[in-house]
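Enquirer: Provided below are the primary sequence and the corresponding predicted coordinates.
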Amino acid sequence: MTDSGPLYLTDEFIRNNKLLKLDKLIPVIQNAMASVSKNDEVIQPPRTIMNIPSLNGALLSMPAFCKYDDALACKLVTAYPKNADKGLPSVQGTVLLFDSTTGKVCAIMDGIEITTWRTAAASAVATKYLHNGTAVLAILGSGTQARSHAETLDYCFNFQQIRIWNHKYEGAQTLTKELTAKGKNAVAYHSVEECVQDADVIVTATFASSPILKGKWIKPGAHINAVGAGINHHSELDVDLYKLACVYTDTMASAETELKGLLEEGMTIEEVGDIINGTKSADRGMITVFQSLGMAVEDAVSAKLIYEEYKKIKK
Ligand SMILES: NC(=O)C1=CN([C@@H]2O[C@H](COP(=O)(O)OP(=O)(O)OC[C@H]3O[C@@H](n4cnc5c(N)ncnc54)[C@H](OP(=O)(O)O)[C@@H]3O)[C@@H](O)[C@H]2O)C=CC1
Ligand SMILES: O=C([O-])C1=[NH+]CCC1
């Protein structure tokens, strides 16, 4: 019996062949988020987060099975915040996609495209279910996630203005110029307070290890997608903001360990999936926070989507 081994898809191939288009990815991610909040549809053990303090890096292992999409996969992903100094992405990884009936590896994929777009798609889904307005989008950070969030959220909501703040102003200017070149009304800000004033939707996508966003700056009813995962998952927003807001996440199973600090403060956290499924209703009018942790099942269904799209172009 001959076996040519698993398919290998690079980030470049996935990007160049448009195997992860937003019109297909967003519904797939929405289904995954909804499935997590239903019994029996997703198997997703808490991920292993191995911090390596001496190297200022981390390695995460993220396996998942989604019955709905028949997607069995495992992502290994690293986060090295200082990689920009070396001209490398901070978050890199590999996703193994398995045949769920035999356990055979059917594809090995680079994980940057998957992580970049599935994270923004999850924020777009959360925003769809929790927001109250879409005139002004404010993004804190100007890296990979800031870019994918600008594109994905604008694709979904067509904002009148996109504001960018970065701890180094040049980063905000660069991303603003890129967005302006694409015909967007984009503005770079020196101050976070001014950037988020009266914003309807805010994204935090930085490696900040102490709070950069304060509750007192946010207008009532604004929605925040808190994406950054520096030293821990809730370092970008100050505690007062969490206290003011209704807080949602992607999976409570991870929140119980990764958001332990917030839960110990007595905060209630709900899954966005329950809102999608209609089993709970959103608190419209309140400030809402989607604390994105990132889920293995998002990687699994994205890898499955890429594999199916690849089979179409190879026919
Ligand atoms: N929730 C999820 O599912 C996922 C979360 N993430 C997290 O999202 C965040 C952004 O990732 P990504 O865009 O890939 O990384 P990038 O390195 O591409 O971007 C990081 C951004 O954070 C800024 N930054 C770095 N250090 C600080 C600091 N101390 N204070 C404030 N800003 C800072 C950088 O600015 P500059 O470059 O100018 O220094 C840059 O704008 C990370 O925390 C990452 O772990 C990533 C993937 C998935
Ligand atoms: O979910 C994910 O892939 C990640 N979360 C933080 C860094 C990478």
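Expert: Looks like it came in fine. Ligands and ions are numbered 1, 2, ... in the order given.
Enquirer: near ligand 2, which residues of the stretch 1-150 of the chain?
Expert: By the rule CB under 6 Å from any ligand atom, the part of the stretch 1-150 of the chain lying against ligand 2 is 60, 77, 79, 91, 115. Using the backbone N, CA and C atoms, a C-beta is placed for each residue, glycine as well.
Enquirer: pull out the buried members of those.
Expert: Among those, the ones that count as buried by 16 or more other CB atoms under 10 Å are 60, 77, 79, 91, 115.
Enquirer: is stretch 226-239 anywhere near ligand 2?
Expert: Yes. Stretch 226-239 reaches ligand 2 (CB under 6 Å from any ligand atom) through residue 229.
Enquirer: ok, and the closest non-adjacent residue to whichever residue of the chain sits closest to ligand 2?
Expert: Evaluated by CB to the nearest ligand atom, the chain has residue 294 as its residue closest to ligand 2, separated by 2.0 Å. Ranked by CB to CB, 6 or more residues apart in numbering and with sequence neighbours excluded, the top spatial neighbour of residue 294 is residue 119, at 6.0 Å.
Enquirer: dump the residue contacts of that neighbour.
Expert: Residues in contact with residue 119 (CB atoms under 8 Å, 6 or more residues apart in numbering) are 145, 148, 227, 292, 294, 298.
Enquirer: please apply the same query to residue 125.
Expert: Residue 125 touches 26, 29, 30, 33, 272, 276, counting by CB under 8 Å, 6+ apart.
Enquirer: how about the helices in the stretch 201-315 of the chain?
Expert: With helices called from DSSP state H, counting those that start in this stretch, the stretch 201-315 of the chain shows them at 239-244, 252-258, 260-264, 272-277, 296-314.
Enquirer: helices and strands around the last one, which ones?
Expert: Taking 3 or more CB pairs under 8 Å, 6 or more residues apart in numbering; DSSP states H and E as contact, the helices and strands that helix 296-314 lies on are strand 7-9, helix 22-36, strand 57-66, strand 71-79, strand 91-98, strand 105-110, helix 112-130.
Enquirer: surely residue 252 touches residue 269?
Expert: Yes. Between residue 252 and residue 269 there is a contact at 6.7 Å, judged by CB atoms under 8 Å.
Enquirer: what is the burial count for the residue of the chain closest to ligand 2?
Expert: 23 (other CB atoms under 10 Å).
Enquirer: ok, now residue 107?
Expert: 19.
Enquirer: ok, it - contacts?
Expert: 6, 7, 8, 9, 96, 97, 303, 306, 307, 310 are the contacts of residue 107 under CB under 8 Å, 6+ apart.
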